[in-house]
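1. Could you work out the structure for the sequence below:
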Amino acid sequence: MAVVSGLDRRGLLAGLGGLALAPAAWARTTATDYPALKAFIDGYVASRKLPGGVVAIKRGDRPVEFLSAGTLAFDAQTPAGPDSLHRIYSMTKPITGLATLKLIEDGKLRLDQPVSEILPEFREQRILVNGETWETRPAAKAMTIRHLLTHSAGLSYSIGSGPLARRYIKDGIVPGSRSRVAEAGGLEPVRDLETLGRRLAALPLDFEPGTKWQYSVSFDLLGLVVQRASGRSFHDYLRTNIFEPLGMRDTDFVVPKNKLNRLSTVVTLANGQLTATDTPANSPFARDRDIPSGGGGLVSTARDYSRFVSMLLNEGALGRVRVVKPETVRTLRSNLLEPGVTFRGRNGYGAGVSLVLPGGAQPGMEPAGSYGWFGAAGSQMWVDPANRTGVILMVQFQPFNAYPVQQEVKAAAYKDLAAV
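-> Okay, here's the model as predicted:
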C-alpha cells in the first residue's frame, strides 16, 4: 500500500492548527483519488437507503479531504457537507478517553488508581452473584481508571442484557438516551453526573473488575471522574482542553438554535421502511444540554472530528497547537486490557477505541496498530498510524447495523489507498 509523502503548500497551511487553519484547504472536496469511497457514499444516497453522508480522509501531509453526497434529510434541500452536524453517539468515547489521559499526563490521575480515590462513593463495591435474588458478595479487586477506560470495570449498559442492565433502566441510568420518561415504578432518568455516580455506586457490579470486557456506562462515569479530578465541569474541561485548542467550533452536547439548519435527520429502518425519527424540529440534542454523556452525548461535524483525528495521527499536536504529549496518544492507542482479557476474541482495547493487534488484521482492511470506534447512528472513525491515514464517516441511521457501512467504508478506503 502506498503512503503519500512530501509537504506541499496546502499541507503546510492545513497544519497550522486552531484558528490559523486555511479554510480553502480544509474544505477541498475531491473524488478523483477516492473512486471507491465516492461510489460507496453515492450508492447509499442513489438507492435512497440514506438521505446523505460525508466521508473525511486525512492522509499523510495532505490536507483533510471530504466526499459528500445527498442532503440532510429525504425531504430537505440542504446538501450534506463537511459542516453538517451529526449525532456521533459513542464516537464521544475516544474524546472522553483522551480527556482522562490528559489528566493522567498532568499528574491529577493515575492509570491504575482506584476510582474510589476520586469518587469515594465507590469504596464498598460488591459483585452481583444472583440476578434473581439480588445476592451479592464483596469485590476482591478495586475498580481502577484503567478498568473504566477499557469497559472492564464490571459496569453494564441499559442497552445490554441481564438483570443489572434491567436495573439500570429502572433506576434511570440511561445517560446516552436523553430520555426524560421514567420506567413504571422507576426513577427519573439521571440529568447530571453527580446523580449518575450516586446511583451507580449504590448498585453491584456484574463481574470482578479487570476480568472481562463488557460495553458499559464507564465513559459516562469517567465524565464525573474528569469533573472531580479537574475541579471543572466535564463540558468545560472538554471545551478548554480539546475543542477550543483544536478549533472544533461545532462540537458540543447540544445544538444551538442558530445551527439547527445544519443538523442532519436520523432515519430508522423497521419492517423494510425508512422513517425520520430524530429531526431538527424534535431532536433531544437541540432542547438543552441534558446530562453531558461522555459515552455518547456529543454532536459534531466531519470537519471538527477530522481535526481530532489529525491530532491523533500527529501524536497529540495539530500544527503549532499541542493538546497532549506523544506518549499520551500512544497510551490511548495501546492495548490497556489486563492480561488474559480480549476484545471480541482477537483484538485489544485502548482508551475508548478498539485496537487491531498483530494477527487480528483482515485482508484488505486496516492493518495491525489501527484503532477506532463507531456511533449508534452509523458514524465511524479509525486511525491507521502505519499508513498515516485517518478516516471519518458521518451518516445518520438506526439501528446502527441496519446497513454494513462499517465494513464497506473500510474496504472502499483501502481499495483507494492501495491504488495510489
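
2. for stretch 295-309, how far is the first residue from the last?
-> 18 Å (CA to CA, to the nearest Å).

3. Likewise for stretch 250-266?
-> Using CA to CA, the two ends of stretch 250-266 sit 18 Å apart.

4. Can you list the buried residues in it?
-> Residues of stretch 250-266 classed as buried by neighbour count (16 or more other CB atoms under 10 Å): Asp250, Thr251, Asp252, Phe253, Val254, Val255, Lys259, Arg262, Leu263, Ser264, Thr265, Val266. All C-beta atoms are positioned from the backbone trio N, CA, C, and that covers glycine.

5. Give me the mean pLDDT for it.
-> For stretch 250-266, mean pLDDT is 97.

6. for stretch 270-288, same thing?
-> 94.

7. So what touches that stretch?
-> Under the contact criterion CB atoms under 8 Å, 6 or more residues apart in numbering, stretch 270-288 has outside partners 48-49, 73-75, 87, 178, 253-255, 257, 260-261, 263, 265-268, 290, 299, 396, 398.

8. Using PDB, write out every CA atom in it.
-> Extracted as PDB, the C-alpha positions of stretch 270-288 are listed here (Å, rounded to 0.1, in the frame of the first residue of the first chain):
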ATOM      1  CA  ALA A 270     -38.000  -1.000  10.500                       C
ATOM      2  CA  ASN A 271     -40.000  -3.600   8.600                       C
ATOM      3  CA  GLY A 272     -38.300  -2.600   5.400                       C
ATOM      4  CA  GLN A 273     -39.500   1.000   5.800                       C
ATOM      5  CA  LEU A 274     -37.400   4.100   6.500                       C
ATOM      6  CA  THR A 275     -38.800   6.700   8.900                       C
ATOM      7  CA  ALA A 276     -37.400  10.000  10.000                       C
ATOM      8  CA  THR A 277     -37.100   9.600  13.800                       C
ATOM      9  CA  ASP A 278     -34.900  12.400  15.000                       C
ATOM     10  CA  THR A 279     -35.200  15.700  13.100                       C
ATOM     11  CA  PRO A 280     -34.100  19.200  13.800                       C
ATOM     12  CA  ALA A 281     -37.700  20.000  14.900                       C
ATOM     13  CA  ASN A 282     -37.900  17.300  17.500                       C
ATOM     14  CA  SER A 283     -34.300  16.300  18.400                       C
ATOM     15  CA  PRO A 284     -33.500  16.000  22.100                       C
ATOM     16  CA  PHE A 285     -30.000  17.100  21.100                       C
ATOM     17  CA  ALA A 286     -31.500  20.500  20.400                       C
ATOM     18  CA  ARG A 287     -33.500  21.100  23.600                       C
ATOM     19  CA  ASP A 288     -30.800  21.600  26.200                       C
END
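
9. List the buried residues of that stretch.
-> Within stretch 270-288, the residues scored as buried using 16+ other CB under 10 Å are Leu274, Ala276, Thr277, Asp278, Thr279, Pro280, Ser283, Phe285, Ala286.

10. could you dump those residues to JSON lines with distance to Met365 and secondary structure?
-> Below are the buried residues of stretch 270-288 laid out as JSON lines (distance: CB to CB, whole Å; DSSP: H, G, I helix; E, B strand; the rest coil):
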{"residue": "Leu274", "distance to Met365": "28", "secondary structure": "strand"}
{"residue": "Ala276", "distance to Met365": "32", "secondary structure": "strand"}
{"residue": "Thr277", "distance to Met365": "31", "secondary structure": "strand"}
{"residue": "Asp278", "distance to Met365": "30", "secondary structure": "strand"}
{"residue": "Thr279", "distance to Met365": "34", "secondary structure": "coil"}
{"residue": "Pro280", "distance to Met365": "35", "secondary structure": "coil"}
{"residue": "Ser283", "distance to Met365": "33", "secondary structure": "coil"}
{"residue": "Phe285", "distance to Met365": "32", "secondary structure": "helix"}
{"residue": "Ala286", "distance to Met365": "36", "secondary structure": "helix"}
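
11. of these, closest to Leu355?
-> Relative to Leu355, the closest of the buried residues of stretch 270-288 is Phe285; by CB to CB it sits at 29.2 Å.

12. how close does the closest one get to Ser300?
-> Computed as CB to CB, to the nearest Å, the Phe285 to Ser300 distance reads 11 Å.

13. Leu128 now?
-> Distance from Leu128 to Ser300, by CB to CB: 36 Å.

14. more neighbours, these two?
-> Ser300 (26 against 20; other CB atoms under 10 Å).

15. where does the closest residue to the more buried one other than its chain neighbours fall, phi/psi-wise?
-> Counting by CB to CB, 6 or more residues apart in numbering, Ser300 lies nearest to Thr251, which is 4.3 Å off, once chain neighbours are set aside. Here is the backbone geometry of Thr251 (degrees, to the nearest 10): phi -90, psi 120.

16. Which parts of the stretch 1-150 of the chain are strands?
-> Here the stretch 1-150 of the chain has its strands, by DSSP state E, counting those that start in this stretch, at 52-59, 65-70, 86-87, 126-130, 135-138.

17. quick revisit: and of the buried residues of stretch 250-266, the nearest to Val55?
-> Once CB to CB is applied, the member of these that ends up nearest Val55 is Ser264, at 14.2 Å.

18. and the gap between the most centrally placed residue in the chain and Asp416?
-> Computing the C-alpha centroid of the chain and ranking residues by CA atoms, centre = their mean puts Met91 first, at 1.4 Å. Separation of Met91 from Asp416 (CB to CB): 22 Å.

19. Could you do Gln214 as well?
-> Applying CB to CB to Gln214 and Asp416 gives a distance of 35 Å.

20. How about Met381?
-> Counting by CB to CB, the gap from Met381 to Asp416 is 17 Å.

21. In terms of neighbours, single out the busier of those two.
-> Neighbour comparison, Met381 and Asp416: the larger count goes to Met381, with 25 against 19 (by other CB under 10 Å).

22. Quickly list what that one is bridged to.
-> With DSSP bridges applied, Met381 shows beta-bridge pairing to Trp373, Ile392.
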